[in-house]
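S.K.: Predicted model and sequence follow; I will ask about them next.
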Amino acid sequence: MQTDVVETKSVAAPEGDRIRAIRDVIEEIRPNLKRDGGDCELISVEGNKINVKLTGACVFCKLSSATLEGIQAKLIETLGEFVRVIPVPIGFRAGH
């Protein structure tokens, strides 16, 4: 399921390039999560806050915080700027 992602502010790169880079990092990680019955979906980008939704086995996994930290580290490395990955509640939908 593809969600429309809206970025409210971009400093380091043009908006489209930055969103694309964020999507690419998450897409790179998703196969590993899916292999274990979980998944991660990009919900929105608000400045340096990247909101994601963990689903499936990731929801109750004790290692979900490590997963989020790994995604955040990869995003920081890729974007060349500090960002914060924030998990959103399961029922959350972008734009609502």
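M.R.: Okay, I see it.
S.K.: in whichever helix in the chain runs longest, what's buried?
M.R.: Secondary structure assigned by DSSP state H gives helix 15-35 as the longest helix of the chain. For helix 15-35, burial by neighbour count (16 or more other Cβ atoms under 10 Å) applies to 18-19, 21-22, 25-26, 29, 33. C-beta coordinates here come from the backbone N, C-alpha and C atoms, glycine included.
S.K.: Count the neighbours of the nearest residue to G56 once chain neighbours are set aside for me.
M.R.: Distances taken as Cβ to Cβ, 6 or more residues apart in numbering put G38 closest to G56, at 4.2 Å, once the chain neighbours are dropped. Counted with other Cβ atoms under 10 Å, the neighbours of G38 add up to 20.
S.K.: just checking, what packs against the longest helix of the chain?
M.R.: Packing partners of helix 15-35 (3 or more Cβ pairs under 8 Å, 6 or more residues apart in numbering; DSSP states H and E): strand 38-46, strand 49-56, helix 64-79.
S.K.: how about a cut-off of 6 Å?
M.R.: In terms of contacts (3 or more Cβ pairs under 6 Å, 6 or more residues apart in numbering; DSSP states H and E), helix 15-35 is packed against strand 38-46, helix 64-79.
S.K.: thinking again about what came up before, read off the pLDDT value for the residue nearest to G56.
M.R.: pLDDT recorded at G38 is 95.
S.K.: That one and C58 touch, don't they?
M.R.: Yes - in this structure, G38 is within contact of C58 by Cβ atoms under 6 Å, at 3.2 Å.
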